[in-house]
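Asker: Any chance you can model this:
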Amino acid sequence: FASSNDVRVTPHVQFNYFSHPKDLSQCVSAVKKIGEVLSSKSMERFKMVDSNEERNFMYFGPSLPTNQSDESAMEEFCRSSVTTIWHYHGGCTVGKVVDGDFRVMGVNSLRVVDGSTFSCLSRDQSSSHYHDVRPSDESAMEEFCRSSVTTIWHYHGGCTVGKVVDGDFRVMGVNSLRVVDGSTFSCLSRDQSSSHYHDVRP
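Answerer: Got it, this is the predicted structure:
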């Protein structure tokens, strides 16, 4: 473990993506399936006109390889586009990897205090569960709060329509103030929450 044991130092983590050949082959298979879906007739309406006046998909990040039968190109796409998702969980579950105080079993001076200690997450915003993964000492808690405060993408429910804002997203009882973000949703479906934001606008 190459990281410092100083809690103020960012740890160095090696995820070992595609360290097993099966991982890479499964990624290639999945990307090929995505390519099949994107080339289907039903997806045509989602293409946009690019700078060459041709209709294509607009990608965030690298686009799919043109020749999807080229295994090496597909493997390179997987390697260059793999990323970590915020809400991964289950890798360091309590009772199997860490004890009840989040200390890694069999290792001195190492705790895991993130979502990887959860065996499963409910359907709501995962950050709502993190209050249970925290130091118990008051001074440690203050330091934990200072070092971990962040804005969560998908927060919702704080300014729900009919309770805090009216049907035009105006804050009730306040002049010239509207709220037009995800906090006006009382709940979110299981798909990507940004897909709902087109409905939250004047």
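
Asker: for the protein, what are the low-confidence residue spans?
Answerer: For the chain, residues meeting the criterion pLDDT under 70 lie at 1-3, 84-90, 120-138, 140-159, 176, 179-202.

Asker: Walk me through the domains of it.
Answerer: Domains of the chain are assigned by automatic domain parsing as 21-81, 84-151, 153-202.

Asker: what sits against residue 43?
Answerer: Contact analysis of residue 43 by C-beta atoms under 8 Å, 6 or more residues apart in numbering lists 37, 57. All C-beta spots, glycine's among them, are computed from the backbone N, C-alpha and C.

Asker: try residue 105
Answerer: Residue 105 makes contact with 97, 98, 99 under the criterion C-beta under 8 Å, 6+ apart.

Asker: Now for the first one, how many residues are close by?
Answerer: Yep, that's residue 97 we're talking about. Residue 97 has 17 neighbours, counted by other C-beta atoms under 10 Å.

Asker: and it, how far is that from residue 33?
Answerer: Plainly put, residue 97 is 32 Å away from residue 33 if you go by C-beta to C-beta, to the nearest Å.

Asker: same deal with the second one?
Answerer: Residue 98 sits 36 Å away from residue 33, going by C-beta to C-beta.

Asker: Who has more neighbours out of those two?
Answerer: The residue with more neighbours, out of residue 98 and residue 33, is residue 98; 20 against 10, by other C-beta under 10 Å.

Asker: so the more buried one touches residue 118, yeah?
Answerer: No - contact criterion C-beta atoms under 8 Å: residue 98 and residue 118 do not qualify, at 11.1 Å.

Asker: quick one: the strands in this protein?
Answerer: 48-49, 55-56 (DSSP state E).

Asker: Sheet partners, orientation included, of the first one?
Answerer: Strands flanking strand 48-49 in the sheet, each with its direction: strand 55-56 (antiparallel) (DSSP bridges).

Asker: for the protein, which helix is longest?
Answerer: Looking across the chain with DSSP state H, the single longest helix is helix 21-38.

Asker: now for it, which elements pack on it?
Answerer: helix 71-81 (3 or more C-beta pairs under 8 Å, 6 or more residues apart in numbering; DSSP states H and E).

Asker: send the alpha carbons of the helix it packs on over as CSV?
Answerer: This file holds the C-alpha atoms of helix 71-81, laid out as CSV (Å, rounded to 0.1, in the frame of the first residue of the first chain):
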residue,chain,number,x,y,z
GLU,A,71,-10.7,-6.1,-32.2
SER,A,72,-7.6,-4.0,-31.3
ALA,A,73,-9.5,-0.7,-32.0
MET,A,74,-12.3,-1.9,-29.8
GLU,A,75,-9.9,-2.9,-27.0
GLU,A,76,-8.2,0.5,-27.2
PHE,A,77,-11.6,2.2,-27.0
CYS,A,78,-12.3,0.3,-23.8
ARG,A,79,-8.9,1.2,-22.3
SER,A,80,-9.2,4.9,-23.2
SER,A,81,-12.8,5.4,-22.0
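
Asker: packing partners for that helix?
Answerer: Using 3+ C-beta pairs under 8 Å, 6+ apart: helix 71-81 touches helix 21-38.
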